[in-house]
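structure of the sequence below:
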Amino acid sequence: MTLMTEQALPLTPDSDSGECSAQETKPVEHLREVLAAASNAAPVGARERFLILTHRGPDPDALGACEGLRRLLSAGFGYRPVVATLGRIHRAENVALVNTLDLDLEDYQKIEPGRFAGATLVDTQPEFGHTVLPGEVPVLAVFDHHVPPKRENGKTLLQIPHRDVRLDLGATCSMIYEYLRDAGVELDEKTASALFCGVRYDTADLSRNVVPLDEEAYYETFRRGDRAKIAAIDHPPLPRHYYKETYRALSRARQHGPLVLALMGKVENPESVAEMADFFLRMKGCSWVVAGAAYGDEYVLSLRTDYAFGKAYPLMERVLRGEGSFGGHGHIAGGRICMSDDGESTVKSIERRLRTNALEVIGTPDEDDSIPPEGRPISE
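Next comes the predicted model:
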């Protein structure tokens, strides 16, 4: 029996497989069945052991969902889960979340696949380019709220026994909160605080992409969380390079009518791209932002829109034009382009293409003749 949805609950049978509905089995009970079957079928040394994974460079929603699922599998199901992450965590709030709550995260690259009966995946999907999966460990469950990758050339989604993807939810942490609630698992302060941070940052304190479950998760986890630690996570000390890259973004950003383009060249912290996208969207007269920068062998992109402009996912699709990989939901989208090298000419070439694509979305030039073709500098 496979549970799969790409919509809000209640779940409906999959048209191809004729699978279960929410009226037959609650998601948490279906998950329990899937994990029990996998545990029983695993070698003795791997039984009752499950791996919890997410995308590279996890954000608060990913980290909180991992911690919430750890609590469900251990306190609710009696298993021995391990959370493993891949990629350095950069953003100050994310680092503070890990350190302040003392999250136990193992290094994905040091994991021994033979120790586990299966893996679970939160805040992403196996088909996304920023997600790495262990080939020797079967993925048993997926929990996410992003638009699934497009299926091209006849490709289908991987067959996952328990795939719960809800496009209406503001945060994956809200979904994991529901599983814990329905399983009757009491929230301890650490788990509640982690889940709250996930809902808080992905919904901007319930100001975007919110449904009633997000609201319930937000208030219940805050009520049970450690408020002093939550406050410390929200106002961490900022490294020097934060201000350096803010200056770089301000000097390079250009406004084209409702669009702000902030293509920053190379950066020390890839998370600064998303931070600058959020930063510029607050500017009066700005309806959408495309921010990007090169980090390592990738060019990282973030796109934001306001409530009047529309959804971010289709805009990111047009900005990338088939180049790289991307995902998103509501008014937020992110993407990555693999680079053959990190030379200045390669970075500039990518930024020229992105700028051309973004301006074509606008379709008409700026009405003010005083604005140069390259856009109005933010400093003017």
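
residues touching the residue lying closest to L97 once chain neighbours are set aside, list them.
In this structure, L97 finds its nearest non-sequential neighbour in I233, 5.1 Å apart by CB to CB, 6 or more residues apart in numbering. Yep, even glycine has a C-beta here, placed from its N, CA and C like the rest. The contact partners of I233, by CB atoms under 8 Å, 6 or more residues apart in numbering, come to E93, A96, L97, T100, L101, S193, C197.

quick one: least confident of those?
Among the contacts of I233, E93 carries the weakest pLDDT, at 93.

residue contacts, that residue?
E93 is in contact with P60, C197, Y201, I233, D234, P236, counting by CB under 8 Å, 6+ apart.

likewise V347?
G265, K266, A294, Y299, M339.

list phi and psi for the residue nearest to L97.
Dihedral pair for I233: phi -70, psi -40, per degrees, to the nearest 10.

distance of it from H55?
Computed with CB to CB, to the nearest Å, the distance linking I233 and H55 is 20 Å.

stretch 255-272 - what's its average pLDDT?
Stretch 255-272 comes out with an average pLDDT of 93.

and the residue lying closest to P149 once chain neighbours are set aside, what is it in contact with?
Closest residue to P149 apart from its sequence neighbours, by CB to CB, 6+ apart: E127 at 4.3 Å. Under the criterion of CB under 8 Å, 6+ apart, the neighbours of E127 are P148, P149, L157, L158.

again with A38
Each residue near A38 by CB under 8 Å, 6+ apart is listed here: F50, A117, G118, P138, L140, P161.

what do you get if the cut-off is 7 Å, keeping everything else the same?
Residues in contact with A38 (CB atoms under 7 Å, 6 or more residues apart in numbering) are A117, G118, L140.

excluding its backbone neighbours, what's nearest it?
Computed as CB to CB, 6+ apart, the closest residue to A38 that is not its neighbour in sequence is G118, at 4.5 Å.

wait, doesn't that neighbour sit right on V137?
Yes: assessed by CB atoms under 7 Å, G118 is found in contact with V137 at 6.2 Å.

how about the strands in the stretch 251-380 of the chain?
All strands of the stretch 251-380 of the chain, identified by DSSP state E, counting those that start in this stretch, fall at 254-256, 259-266, 288-295, 298-305, 325-329, 332-338, 376-377.

break the chain down into its structural domains.
Domain assignment for the chain, taken from automatic domain parsing, gives 3-234, 241-377.

tell me how far Y108 lies from V132.
Plainly put, Y108 is 7 Å away from V132 if you go by CB to CB.

actually T191, not the one I typed
Distance of T191 to V132, given as CB to CB: 25 Å.

return the subset of the contacts of A38 lying in strands.
Judged by DSSP state E, these include G118, L140 as members of strands.

turn the contacts of A38 into JSON lines, columns for pLDDT and neighbour count.
Conversion of these to JSON lines gives the following (pLDDT from 0 to 100; neighbours: other CB atoms under 10 Å):
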{"residue": "A117", "pLDDT": "97", "neighbour count": "24"}
{"residue": "G118", "pLDDT": "97", "neighbour count": "21"}
{"residue": "L140", "pLDDT": "97", "neighbour count": "22"}
